[in-house]
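A.B. asks: Got a sequence here, can you build the structure:
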Amino acid sequence: MSEYVQTLMAQVKGKNPSEPEFHQAVQEVAESLELVLQRHPEYRSAKILERMVEPERVVMFRVPWMDDQGEFHINRGFRIQMNSAIGPYKGGLRFHPSVTLGILKFLAFEQVFKNSLTSLPMGGGKGGSDFDPKGKSDHEVMRFCQSFMTELYRHIGPDVDVPAGDIGVGTREIGFLFGQYKRLTKEYSGVLTGKGLNWGGSLIRPEATGYGVVYFAEEMLKTRNQSIAGKTVAVSGFGNVAWGAARKATQLGAKVVTLSGPDGFVFDSGGLNEERIAYMLEMRASARDQVADFAAKFKVPFYPGKHPWNIKVDVALPCATQNELNQEDAQELLKNGCQCVCEGANMPTTLEGAKRFIEAKILYSPGKASNAGGVATSGLEMSQNSMRLPWPREEVDQRLHQIMKNIHQTCLQTAERYGTPGNYVNGANIGGFLKVADAMMDQGLV
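C.D. replies: Residues are numbered from 1 along each chain as shown. Below you'll find the model as predicted:
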């Protein structure tokens, strides 16, 4: 780590104590950008990276709501508006007990680079609450969402900030949030993405992140004259991203053998089929948040409290949550002959795990590149809303596929240009940075 990065990280940690995920995200990017700053001292003189690690705006507010028994509860709401150099803030809302300011800042920082890579005009943001929708009635979720939007609506708009869904925020929550926004503003606009299909949503959006991960993995494998067809694949998680990834990988001829949840993972040696993939949606809708149900239904082995990274596979798609794959897991995957790790979640691999993959020279893609399919399709939903014209499934899927191909090409070419061929981490970080940095330079002190 250079003196510049050490100084930057000391400043970041000093200003943002007790936010390890944010520190991790910044450090990964900063180490890649040393290659850029050496060639382009103007970015360093203008302190572009120092500006990028500071959110343009942080909104934090209380969210009071009443449960079905008439008892009041108070949660915290957040919106991190990180960077708007290339477009309105864009990024999801997460409702989960683990939500903190530091988690959302890491996600918003990652979102800036991810959105830049899509080439769509979207800045980066993220938001959410420590509210847990699991186990709540529809009426309780509705009251919470209405209270949350009663404050948030002042800070968002179709040309200002366009939130989407994330963990704990699906079509139900987006619907309640949109209804309250419409009630408060008297506007019917594309202020949220992930909407229902009959009131402004886009086809493919629920499965888009997972589809995008597989499209990206396929492009990576092509660089070594291979295909995902015939490959054995480990997927973690069982939510929308994992569901989309399992579905598309299976359609393209791969054998998906694992799923995971907070309770452990299942190993299905025969590979998932349409019945099993469809059941993932039932598990998701049950709000039980466990994959033991899958093991019981289909009579497959269940490994409580473990991650699926000790299984012999060709391709690993971590699609659950941050830091789910550590250095020991990385070593286990490499020992078992894994050739490709393509991230579907946001920063699911620790810095140490990522370094092991890079050192081993396997195909390894960071989430800011390979999981950009979700926000790319949200951007397509924004376009459809602006035109008041829905696109058919085939058109959305085709556009998504092309965006993922373009992101892959950007990562590959940028890594080559900066002297680290095949390093997708450097390619993604530098490729995402350059567009935002140039916009910031053009716009002056922003």
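
A.B. asks: Next, residue 80: secondary structure please.
C.D. replies: strand (DSSP: H, G, I helix; E, B strand; the rest coil).

A.B. asks: Make sure residue 167 is indeed in a helix.
C.D. replies: No - under three-state DSSP, residue 167 falls outside any helix and is assigned coil.

A.B. asks: Quick check: it touching residue 239?
C.D. replies: Yes - Residue 167 is in contact with residue 239 according to C-beta atoms under 8 Å; the separation is 7.3 Å. No exception for glycine: its C-beta is placed from N, CA and C like everyone else's.

A.B. asks: Show the pLDDT at the closest residue in space to residue 171 that isn't next to it in sequence.
C.D. replies: Nearest in space to residue 171, with sequence neighbours left out and distances taken as C-beta to C-beta, 6 or more residues apart in numbering, is residue 196 at 5.4 Å. Looking at residue 196, its pLDDT is 95.

A.B. asks: can I assume residue 88 is in contact with residue 161?
C.D. replies: Yes - applying C-beta under 8 Å, one finds residue 88 in contact with residue 161, separated by 5.8 Å.

A.B. asks: Spatially, which residue comes closest to residue 8, not counting chain neighbours?
C.D. replies: residue 30 (5.6 Å).

A.B. asks: Same question for residue 107.
C.D. replies: Sequence neighbours aside, residue 126 is the residue nearest to residue 107 in space, at 4.1 Å (criterion: C-beta to C-beta, 6+ apart).

A.B. asks: and that neighbour, helix, strand or coil?
C.D. replies: Classified using three-state DSSP, residue 126 is strand.

A.B. asks: Could you check how many residues crowd around residue 111?
C.D. replies: If you count neighbours by other C-beta atoms under 10 Å, residue 111 ends up with 28.

A.B. asks: ok, now which ones touch it?
C.D. replies: By C-beta atoms under 8 Å, 6 or more residues apart in numbering, the residues touching residue 111 are 82, 90-91, 124-126, 375.

A.B. asks: Then residue 317?
C.D. replies: Residue 317 neighbours (C-beta under 8 Å, 6+ apart): 213-214, 217, 233-236, 242, 245, 249, 341-344.

A.B. asks: In the chain, mark out all the strands, start to finish.
C.D. replies: 57-66, 72-83, 89-95, 123-129, 161-164, 232-235, 255-261, 264-267, 302-304, 315-317, 340-342, 363-365 (DSSP state E).

A.B. asks: and the residue nearest to residue 107, what does it touch?
C.D. replies: 79-80, 82, 91-94, 104-105, 107-108, 111, 166.

A.B. asks: Check these against residue 50 and report the nearest one.
C.D. replies: residue 82 (13.8 Å; C-beta to C-beta).

A.B. asks: Pull the contacting residues for that closest one.
C.D. replies: Residue 82 sits in contact with 52, 55-56, 89, 91, 105, 108-109, 111-112, 123-126, where contact means C-beta under 8 Å, 6+ apart.

A.B. asks: do residue 150 as well
C.D. replies: Applying C-beta under 8 Å, 6+ apart, the residues near residue 150 are 180, 184.

A.B. asks: Quick check: the gap between it and residue 177.
C.D. replies: The gap separating residue 150 from residue 177 is 10 Å, by C-beta to C-beta, to the nearest Å.

A.B. asks: mind listing the helices for the stretch 51-200 of the chain?
C.D. replies: When assigned using DSSP state H, counting those that start in this stretch, the helices of the stretch 51-200 of the chain occupy the ranges 101-117, 138-152, 171-185.

A.B. asks: May I see these organised as a markdown table, with distance to residue 332 and mean pLDDT added?
C.D. replies: Formatted as a markdown table, the helices of the stretch 51-200 of the chain follow (distance: least, C-beta to C-beta, whole Å; pLDDT from 0 to 100):
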| stretch | distance to residue 332 | mean pLDDT |
| --- | --- | --- |
| helix 101-117 | 25 | 98 |
| helix 138-152 | 39 | 98 |
| helix 171-185 | 36 | 98 |
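
A.B. asks: Residue 257 is nearest to which of those helices?
C.D. replies: helix 101-117 (28.1 Å).

A.B. asks: now that closest one and strand 123-129, what's the angle there?
C.D. replies: Angle, helix 101-117 to strand 123-129, by axes from the mean of the first three to the mean of the last three C-alpha atoms, to 10 degrees: 150 degrees.

A.B. asks: can you give me the angle helix 101-117 makes with strand 89-95?
C.D. replies: Using the same axes, to 10 degrees: helix 101-117 against strand 89-95 is 140 degrees.

A.B. asks: Show me which residues of helix 101-117 are buried.
C.D. replies: By neighbour count on 16 or more other C-beta atoms under 10 Å, the buried set for helix 101-117 is 101-117.

A.B. asks: Can you check the pLDDT for the closest residue to residue 118 other than its chain neighbours?
C.D. replies: Counting by C-beta to C-beta, 6+ apart, residue 118 lies nearest to residue 376, which is 4.5 Å off, once chain neighbours are set aside. pLDDT recorded at residue 376 is 97.

A.B. asks: do the same with residue 284
C.D. replies: Residue-level pLDDT assigned to residue 284 equals 86.

A.B. asks: for the one 5 residues further on, same thing?
C.D. replies: Per-residue confidence (pLDDT) for residue 289: 85.

A.B. asks: residues contacting it?
C.D. replies: Residue 289 touches 134, 261-263, counting by C-beta under 8 Å, 6+ apart.

A.B. asks: Please report which of these has the highest neighbour count.
C.D. replies: Greatest neighbour count in the contacts of residue 289, by other C-beta under 10 Å, goes to residue 261: 21 neighbours.

A.B. asks: Contact partners for that residue?
C.D. replies: 237-238, 289-292, 320.

A.B. asks: Distance-wise, check it relative to residue 93.
C.D. replies: From residue 261 to residue 93 the distance is 22 Å (C-beta to C-beta).

A.B. asks: what about stretch 35-48, start to end distance?
C.D. replies: 15 Å (C-alpha to C-alpha, to the nearest Å).

A.B. asks: typo on my end, stretch 224-234
C.D. replies: 20 Å.

A.B. asks: before we move on, back to that, any idea which of the contacts of residue 82 is closest to residue 67?
C.D. replies: After measuring those against residue 67 - C-beta to C-beta - the closest member comes out as residue 126, at 26.8 Å.

A.B. asks: The closest one and residue 16, how far apart?
C.D. replies: Taking C-beta to C-beta, one finds residue 126 at 15 Å from residue 16.

A.B. asks: which ones are touching residue 333?
C.D. replies: Residue 333 sits in contact with 309, 313, 316, 341, where contact means C-beta under 8 Å, 6+ apart.

A.B. asks: Try it again at 6 Å.
C.D. replies: Counting by C-beta atoms under 6 Å, 6 or more residues apart in numbering, residue 333 touches 309, 316.

A.B. asks: next one: residue 425
C.D. replies: With C-beta under 6 Å, 6+ apart, residue 425 has these contacts: residue 366.

A.B. asks: Check it and give its pLDDT.
C.D. replies: 98.

A.B. asks: Quickly note the distance from it to residue 405.
C.D. replies: 19 Å.
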